[in-house]
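[1] Sequence first, predicted coordinates after that:
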Amino acid sequence: MADVRPRRARTRRVLPILAAVALTTIGSMAFGPALSAQRVTGPRHASLAPPSTAARLVRGGADPFHAVPAGGPATPVVSTIAIPPREPTGPSATAVTRAALQARLDQLRERYGIPGISVAIIFPDGTTWVGVSGVADVATKAPVTPSTAFAIASVTKTFTSALILALVEDGRIALDDRVRTYLPTLKINAKITVRQLLDHTSGLRDYFFHPAIDKALLADPERAWATGDALKYVGKPYFKPGDGWHYSNTNYLVLGMLAEAVGKAPLADQIRTRFLKPLGLAHTWYQPTETGPAHPARGYRFKTGAKDDPPIDLSDGTPVVPFTSVVTAAAGAGGLASSSSDLARWVRALYAGGVLKPESVEAMFADITQTERYKPTVPYGLGVQVVDIDGQRSLGHSGRLLGFRSAVRWLPDQEIAIAVLTNQSRTDPGIFVRALLVIAERDPICRVCAAQQ
């Protein structure tokens, strides 16, 4: 499968922008519910009631979801971006480092009582370590393997935002155009722009927080929801467009619709044609309309935080995880499943210049200075979170839904990518990100690369 060698010059071009952003260490909540729509900041914001069960399933910053595509002619969009091949420049991670990473992964999985976990780290030379621990299916004791896929929840937003920016590059969309320019019949505030959907300043209320959606989703877990079904649960706006910041899955549900209308092909087809095929991401797929190469890990919830609490299987008996209704209701906000190695390669390619043009990557980060005034839970640009991890800048996204939690990060200064996928929803994957990065950054290859900066 093809891989991508980061374009270092492009990465460094965005560093001044990132340096200008006031970053704070958010601790263990950096990858969890705090990144969702729990907090409202800025002028004229209303506070939220405690999140509902379904809201906890599909919450952003920690989880995304998607609905069945609106349809239309399946006209594939051919990527015009050159994907450079990987060219390792030095020795790969040492055997000692790899052994230490695996030992630490096993230790942490056991400590937190996690059914299964998969982690991929790409080192500065482009070589990869993939570590797995635990089981993908508790009942059958099927182990997690390097190719095991997990529901990635809101990490899906990195693909949806990248697709929108690719359509901007094609001249089909303008970031500051009003959304109803492209979706004239959509019943939203006519002043909402494409940019405001991408950076969560539209004010659109998160439909997964509607008090009635839990019952509807859980009444028939095998039912496939259409986009229109989900939109019925969008309530009163949080604020007027551009007057604040509030994480909302509704923004990315609409962006998925927008991409289909403008790209004239289902969301799944466009993501596959533009990104998955060129990058060789063979273990990534859009669950609402595609079937993966193998059954993904099953998702589990727990009644308590006790380590020995028995896991509760959330499967509806189909290959869709955790279950069909919540995944199809999520659409462009969180419908993808993927393996850790695929996601590490994706985040490296996306932020290091192998997917979008330099100006598009820079626009993603530059927007952080626009949302900063609203004091978002975490610095947020056009579909990207910027988080300080133990003093190191990182770019990426986190995901959370019932039964799954995930996190992907690209550290531009170290040129390291990491993806952590778990089939549980009670433990913050940021714990694994931080602990494993400490080991990875001690490796001689990382020290050598750092010294060459």
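    Here it is on my side, so go on.
[2] and the longest helix for the chain?
    Of all the segments of type helix in the chain, defined by DSSP state H, the longest one is helix 95-112.
[3] For the next helix or strand after that helix, C-alpha coordinates in CSV please.
    Using DSSP states H and E, the helix or strand that follows helix 95-112 in sequence is strand 116-122. Extracted in CSV, the C-alpha atoms of strand 116-122 (Å, rounded to 0.1, in the frame of the first residue of the first chain):
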residue,chain,number,x,y,z
GLY,A,116,-9.2,-4.2,23.2
ILE,A,117,-6.9,-1.5,21.9
SER,A,118,-4.8,-0.8,18.8
VAL,A,119,-2.1,1.8,18.5
ALA,A,120,0.0,2.9,15.6
ILE,A,121,3.0,5.3,15.7
ILE,A,122,4.8,6.6,12.6
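[4] What residues of the longest helix of the chain count as buried?
    Thr97, Arg98, Ala100, Leu101, Gln102, Arg104, Leu105, Leu108, Arg109, Tyr112 (16 or more other C-beta atoms under 10 Å). Using the backbone N, CA and C atoms, a C-beta is placed for each residue, glycine as well.
[5] Quick one: list the elements packing against it.
    Secondary-structure packing of helix 95-112 (3 or more C-beta pairs under 8 Å, 6 or more residues apart in numbering; DSSP states H and E): strand 116-122, strand 128-137, helix 430-440.
[6] Check the offset of the first one from the chain's centre.
    Spelled out, that is strand 116-122. The gap between where strand 116-122 is centred and where its chain is centred comes out at 15 Å by C-alpha atoms, centre = their mean, to the nearest Å.
[7] One more: the last one?
    Averaged C-alpha coordinates place helix 430-440 at 18 Å from its chain's average position (C-alpha atoms, centre = their mean).
[8] mean confidence for that helix?
    Mean pLDDT, helix 430-440: 96.
[9] tilt between that helix and strand 116-122?
    Here the directions of helix 430-440 and strand 116-122 differ by 40 degrees (axes from the mean of the first three to the mean of the last three C-alpha atoms, to 10 degrees).
[10] Buried residues in helix 430-440, which are they?
    In helix 430-440, counting by 16+ other C-beta under 10 Å, buried: Gly430, Ile431, Phe432, Val433, Arg434, Leu436, Leu437, Ile439, Ala440.
[11] so the first one touches Ala407, yeah?
    In this case it means Gly430. Yes: under the criterion of C-beta atoms under 8 Å, Gly430 makes contact with Ala407 at 6.0 Å.
[12] Distance of the most centrally placed residue in the chain relative to Lys375?
    Centroid-nearest residue in the chain, with C-alpha atoms, centre = their mean: Val155, separated by 0.8 Å. Val155 sits 24 Å away from Lys375, going by C-beta to C-beta, to the nearest Å.
[13] Got the confidence number for the closest residue to Ala259 other than its chain neighbours?
    Nearest residue to Ala259 in three dimensions, chain neighbours excluded: Leu163, at 5.2 Å (C-beta to C-beta, 6 or more residues apart in numbering). At Leu163, the pLDDT value in this model is 98.
[14] Off-centre distance for the longest helix of the chain?
    Centroid displacement of helix 95-112 relative to its chain, using C-alpha atoms, centre = their mean, is 24 Å.
[15] Next, the angle from it to helix 430-440.
    Using the same axes, to 10 degrees: helix 95-112 against helix 430-440 is 160 degrees.
[16] Give me the angle between helix 95-112 and strand 128-137.
    Interaxial angle of helix 95-112 relative to strand 128-137 (the same axes, to 10 degrees): 30 degrees.
[17] What lies in contact with helix 95-112?
    114, 116-117, 119, 121, 129, 131-134, 307, 427, 431-432, 435-436, 439-440, 442-443 (C-beta atoms under 8 Å, 6 or more residues apart in numbering).
[18] at 7 Å what do you get?
    117, 119, 129, 131, 133-134, 427, 431-432, 435-436, 439-440, 443 (C-beta atoms under 7 Å, 6 or more residues apart in numbering).
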